[in-house]
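Participant: just to be clear, the model below is a prediction. Sequence and coordinates:
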Amino acid sequence: MEIFASGLSMGESPRWHAGRLWVCDWMAGEVLSFDAAGERRVELTMAGLPFSIDWLPDGRAVLTSPAGVVLGDGTPYGGTGRGWNEIVVDAHGNTFVNEIGFDFMGGEEPRAGTVQVIGPDGSARQVADDVWFPNGMALTNDGATLVVAESYRNRLSAYDAGADGSLTNRRTFAELEFAPDGICVDADGAVWYATVPGSCCIRVAEGGAVLDRVDADRGCFACMLGGDDGRTLYVVAQEWGGAEGVGGRTGQVLTHRAAAPHAGRP
């Protein structure tokens, strides 16, 4: 992979939006965007961890935060009083969020988390349970399937996604070699997953066949397909020594030319 940008505190949740790459820099409390040359600007600031970003159908940014889901200007949107992890919004305006289920940073005993959906009216309801450290989520191109990365199961799980935000027919999309973190979907229906312990990104087909792999010299936290033709894989990577071991501004954005372009959401 090639270095696209460096000097991040801890990059997460990369997104391709409005012709730019967006990245949540957790330790800096900033949402950054980058142009094609890697020049950056600060789009939003956030307080607390974790936070992840997506956009509603009307173009407004929505972010997870320790206090719930908020709009880009900090206005509460829904799911208030809960600390959510990842986020993805479907074409109907359903905002899927997940919660880990325990205080990972505080060293609590692991337990299962959930996936919930927040409607346009701000109401939240649980639509999936028994997910072990849910991380990245992605919707397929037709919006009919939600894929959830379960870090503590080394698995991608899939659900049928209804227009009302319901999730049914849980199944295993792929059993994985490494714990998955952030994910994205391509036009062939394959999923790229980033992995911190594996220090790489791996493309897998439904059923688990490995289609591609690119390695880094540090943990890979998340990935997103983008660029003008959708075939640039952007990877956020960071030197990682555990919850207490994030050191300096060692975060990078790396790139790799992918076989198939971006599809689905985010």
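Facilitator: All right, it came through fine.
Participant: output the below-cut-off pLDDT ranges for the stretch 1-150 of the chain.
Facilitator: Low-confidence segments of the stretch 1-150 of the chain, defined by pLDDT under 70: 105-106.
Participant: which parts of it are helices?
Facilitator: Ranges of helices within the stretch 1-150 of the chain: none, based on DSSP state H, counting those that start in this stretch.
Participant: please, which helix or strand holds the nearest residue to D160 once chain neighbours are set aside?
Facilitator: In this structure, D160 finds its nearest non-sequential neighbour in N169, 4.4 Å apart by Cβ to Cβ, 6 or more residues apart in numbering. C-beta coordinates here come from the backbone N, C-alpha and C atoms, glycine included. Using DSSP states H and E, N169 maps to strand 167-175.
Participant: and for the residue nearest to D160, the neighbour number?
Facilitator: 9 (other Cβ atoms under 10 Å).
Participant: and the pLDDT for it?
Facilitator: At N169, the model reports a pLDDT of 98.
Participant: does it touch Y159 like I think?
Facilitator: Yes. Counting by Cβ atoms under 8 Å, N169 touches Y159, with 6.4 Å between them.
Participant: how many neighbours does E177 have?
Facilitator: Neighbour tally, E177, other Cβ under 10 Å: 15.
Participant: same deal with R125?
Facilitator: Quick note: R125 (other Cβ under 10 Å) scores 11 neighbours.
Participant: how about C223?
Facilitator: 28.
Participant: one more: E2?
Facilitator: There are 8 residues near E2, going by other Cβ under 10 Å.
Participant: quick one: contacts for it?
Facilitator: 254-256 (Cβ atoms under 8 Å, 6 or more residues apart in numbering).
Participant: try it again with 7 Å
Facilitator: 254-255 (Cβ atoms under 7 Å, 6 or more residues apart in numbering).
Participant: ok, now the one 5 residues further on?
Facilitator: Shown in contact with G7 (Cβ under 7 Å, 6+ apart): R249.
Participant: ok, now how distant is it from A128?
Facilitator: As judged by Cβ to Cβ, to the nearest Å, G7 and A128 stand 37 Å apart.
Participant: next up, phi/psi of the residue nearest to Q238 when sequence neighbours are not counted, please.
Facilitator: The shortest distance from Q238 to any non-neighbouring residue, by Cβ to Cβ, 6+ apart, is to G251 (4.5 Å). Per-residue torsions, G251: phi -70, psi 140 (degrees, to the nearest 10).
Participant: ok, now how distant is G251 from R218?
Facilitator: From G251 to R218 the distance is 9 Å (Cβ to Cβ).
Participant: quick check: neighbours shared by those two?
Facilitator: In contact with both G251 and R218: Q238, using Cβ under 7 Å, 6+ apart.
Participant: and the two? which has more neighbours close in?
Facilitator: G251 (26 against 15).
Participant: just checking, the more buried one touches G11?
Facilitator: Yes. If you go by Cβ atoms under 7 Å, G251 and G11 touch, sitting 4.6 Å apart.
Participant: for the residue nearest to Q238, give me the pLDDT.
Facilitator: The model's pLDDT for G251 equals 93.
Participant: who's it bridged to?
Facilitator: Beta bridges link G251 to L8, judged by DSSP bridges.
Participant: how about it, what does it touch?
Facilitator: By Cβ under 7 Å, 6+ apart, the neighbours of G251 are 8-11, 236, 238.
Participant: if we use 10 Å, what do you get?
Facilitator: G251 makes contacts with 5-12, 23, 25-28, 218, 221, 236-240, as judged by Cβ atoms under 10 Å, 6 or more residues apart in numbering.
Participant: among those residues, which ones are buried?
Facilitator: 5, 8-12, 23, 25-28, 221, 236-240 (16 or more other Cβ atoms under 10 Å).
Participant: quick one: the helices in the stretch 151-266 of the chain?
Facilitator: According to DSSP H, counting those that start in this stretch, the stretch 151-266 of the chain contains no helices.
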